[in-house]
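**Student:** Predicted coordinates and the sequence they were generated for:
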Amino acid sequence: MSESALLISTLVELADSLVDDFDVVELLTLLSERSVQAFDVASAAVTLGLPSGQLHVIAASSDAMRDLELFELQCAEGPCVDSYRSGRPAWAGDLAVDDVAWPRFAGRAVEAGLRSVHSLPLRLRAETIGTLSLMRTSPGALADTDLAAAQAFADVATIAIVQHQAMVDAQAINSQLQHALNSRIIIEQAKGKIAESAGVDMAEAFQRLRQHARAHHLLLAELAEAVVNGSFPAGAFASPSVPPRS
């Protein structure tokens, strides 16, 4: 698929989420994965904020990227923190330089082989609800065209989250974000059960869970909850092809 075709396909898929009932975690997982495919970046992650102002990692293109974002949020220092607080992009062209704005985050990122970062706000009008972070293994800024397209991805995802709202209602947004966080916790629990039962790592466990949800038109969080409560056996994921839920 050409780069332009991939951009169009992604925007269409994100826009398709503008329905009454959609899966926030699946939407943002798609956003992070397609960002890696479409742009000159090695990894991506999406955070969402709750009413307290605290950010949470909802989706990441890899477990390593998720761990890096969790570290950033724990030390309250880094590009996604700045982007969320300001509502503007935050970036560093070379995280290995001595005067980088986020020394603890930069040190951990460089240890992971990452050298540059762009964090873009998930923003609708004056309301910033989260961030999209893009990491590269080489120093230097992303091309302006890539940044514009990545911000378009983030904007469409934001509109999906605050769907069908003529005016932004803070209570409705906060409810969506809390639901997304709860879903993420359940999904992590399901990943652990599948990984243990199927003898695979957490990344493979998530792929099997997600593939089955998509193949059978199930909400990812609902399938994860069924795995956690035992109504859908974790052992069914022993192979990548899982039989339909009875």
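**Tutor:** Yes, it's here.

**Student:** For Thr47, report the pLDDT, please.
**Tutor:** Note on Thr47: pLDDT of 95.

**Student:** That one: neighbouring residues, count only.
**Tutor:** For Thr47, the neighbour count with other C-beta atoms under 10 Å is 27. Bear in mind the C-beta positions are built from the backbone N, C-alpha and C, glycine included.

**Student:** now swap in the one 4 residues further on and tell me
**Tutor:** Around Pro51 there are 12 other residues, counting by other C-beta under 10 Å.

**Student:** three-state assignment of it?
**Tutor:** Under DSSP: H, G, I helix; E, B strand; the rest coil, Pro51 falls in the coil class.

**Student:** quick one: it from Gln178, how far?
**Tutor:** 8 Å (C-beta to C-beta, to the nearest Å).

**Student:** go on, Ser138?
**Tutor:** According to C-beta to C-beta, Ser138 stands 38 Å off from Gln178.

**Student:** Which one of those two is surrounded by more residues?
**Tutor:** Between Ser138 and Gln178, Gln178 has the larger neighbour count (other C-beta under 10 Å), namely 14 against 10.

**Student:** can you pull the pLDDT of that one?
**Tutor:** On pLDDT, Gln178 comes in at 75.

**Student:** so what's it up against?
**Tutor:** By C-beta atoms under 8 Å, 6 or more residues apart in numbering, the residues touching Gln178 are Leu50.

**Student:** quick one: the strand or helix carrying it to chain centroid distance?
**Tutor:** Applying DSSP states H and E as the criterion places Gln178 in helix 170-198. Relative to its parent chain, helix 170-198 has a centroid offset of 12 Å by C-alpha atoms, centre = their mean, to the nearest Å.

**Student:** count of residues packed around Arg66?
**Tutor:** Other residues near Arg66 number 20, with proximity taken as other C-beta under 10 Å.

**Student:** Quickly list the domain ranges of this structure.
**Tutor:** Here the domain parsing of the chain from automatic domain parsing is 3-166, 181-238.

**Student:** Which one of the ones you listed has the poorest average confidence?
**Tutor:** Going by mean pLDDT, the lowest-scoring of the domains of the chain is domain 3-166, which has a mean of 87.

**Student:** What residues are bridge-paired with the spatially most central residue of the chain?
**Tutor:** Centroid-nearest residue in the chain, with C-alpha atoms, centre = their mean: Ala59, separated by 2.6 Å. Listed by DSSP bridges, the beta-bridge partners for Ala59 are Val46.

**Student:** Could you check how far it is from Ala101?
**Tutor:** Ala59 is 25 Å from Ala101, by C-beta to C-beta.

**Student:** Ok, Val162 next?
**Tutor:** Val162 sits 30 Å away from Ala101, going by C-beta to C-beta.

**Student:** what comes into contact with stretch 96-115?
**Tutor:** By C-beta under 8 Å, 6+ apart, the residues outside stretch 96-115 that reach it are 42-43, 64, 68, 71-72, 75, 77-79, 82, 92, 94-95, 117, 135-139.

**Student:** buried stuff in that stretch?
**Tutor:** For stretch 96-115, a neighbour-count test (16 or more other C-beta atoms under 10 Å) marks Val100, Trp102, Phe105, Ala106, Arg108, Ala109, Ala112, Leu114, Arg115 as buried.

**Student:** Likewise for stretch 34-54?
**Tutor:** Within stretch 34-54, the residues scored as buried using 16+ other C-beta under 10 Å are 34-36, 38-39, 41-50.

**Student:** Which of these sits closest to Leu7?
**Tutor:** Leu7 lies nearest to Ala38 out of the buried residues of stretch 34-54, by C-beta to C-beta, at 5.8 Å.

**Student:** residue contacts, that closest one?
**Tutor:** Taking C-beta under 8 Å, 6+ apart, we find Ala38 in contact with Glu3, Leu6, Leu7, Thr10, Asp146, Ala149, Ala150, Phe153.
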